[in-house]
Structures are given as C-alpha cells and as structure tokens.
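>>> return atomic coordinates for the entry below.
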Amino acid sequence: MKSPKLPRPTDSELDILRVLWNRGPSTVRDVFDDLNQTKPTGYTTVLKLMQIMAEKNLVRRNEKNRAHVYEARLPEEQTQNQLVGDLLDRAFGGSASRLVMRALSSTRTSAEDLSEIRRIIDGMQENAK
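This is a model prediction of the structure:
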C-alpha cells in the first residue's frame, strides 16, 4: 500500500526533519538547541515552522504533556525517495540515468562511493535477470 504523497519540505523544514530523524521525538526546545549549534535561528521561528509542518502532516505532534513532542511523520528514506522522485520527474524527465550522470559529473566522487554505486548496480542487474 502506497502512502499518500505529502508536500515537499522546504530547506528549513528539512533541517528540522534531519534533527528529528537523528534525535527521535523531540520538543521544540530540543530542535532549537540542536539547530542553533550550526545555524543560528530564533526559537519562535523554529516553533512556527514546526506548527506549520504539523499542519502539512510532515510531523506528528503529541500534545499530552505541557511541552509538545514532535516526530517526523515519515522515515528519512521515504522522504528522500519522494524528493528524488520529484527531482527525477521535474528536472530529468523521469530519466534515472541522466540524474545519476549529472550527479556524478557535478562533484568529485570518492572511491568508496563509486564502489558502493557499483555494488548497488550489480545487485540491481542480478535482480533484473
């Protein structure tokens, strides 16, 4: 069963989702403290963004305690799949090979990453037989 497509998160919303994926369920204060270590921002900004994210169903909010606890609605991999699928359709006309070629040619790729890519492709070719 395929889950309903959720709105594409903004860059700021992705920053918050990364914190929630790493920390697990967290209060606004937890997320604010974590974000503030690398990207100074205001507490009320984080609070408002998380409220909007709850309205968009990007996060769940547990209101049982005084400090509401938020958690990402979807796992990181599922959100990444949605974002890649959207990029694939919009920018590459659905062509996975064009997406991969552009990604590999736009930045230096480590030997470890290339080995991992080869392993994944080999596995996919085996499954296709």
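
>>> contacts, neighbours, all on C-alpha from now
Noted.

>>> what's the span of stretch 33-45 from first residue to last?
End-to-end distance for stretch 33-45: 13 Å, by C-alpha to C-alpha, to the nearest Å.

>>> and it, how far out from the chain middle?
Distance of stretch 33-45 from its chain centroid, counting by C-alpha atoms, centre = their mean, to the nearest Å, is 18 Å.

>>> break this structure down into its domains, please.
For the chain, automatic domain parsing gives the domain ranges 11-72, 76-128.

>>> so which of those is nearest Lys5?
Of all the domains of the chain, domain 76-128 sits nearest to Lys5, with 7.9 Å by C-alpha to C-alpha.

>>> verify the contact between Leu58 and Glu76 for me.
No - the pair Leu58 / Glu76 is not scored as a contact, 11.4 Å apart, by C-alpha atoms under 8 Å.

>>> who's more crowded, these two?
In terms of neighbours (other C-alpha atoms under 10 Å), Leu58 is the more surrounded of Leu58 and Glu76; the figures are 23 against 16.

>>> if we can go back for a sec, rank the domains of the chain by mean pLDDT and give me the bottom one.
The weakest mean pLDDT among the domains of the chain belongs to domain 76-128, with a mean of 91.

>>> now tabulate the domains of the chain in a markdown table and tack on distance to Lys5.
As requested, the domains of the chain are exported to a markdown table (distance: least, C-alpha to C-alpha, whole Å):
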| stretch | distance to Lys5 |
| --- | --- |
| domain 11-72 | 10 |
| domain 76-128 | 8 |
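
>>> and the contacts of stretch 20-39?
By C-alpha atoms under 8 Å, 6 or more residues apart in numbering, the surrounding residues in contact with stretch 20-39 are 15-16, 19, 41-43, 46-47, 50, 67-72, 75-76.

>>> make that stretch 6-14, sorry
Against stretch 6-14 from outside (C-alpha under 8 Å, 6+ apart): 49-50, 53, 56-58, 82-83.

>>> narrow these to those that are buried.
49-50, 53, 58, 82 (16 or more other C-alpha atoms under 10 Å).
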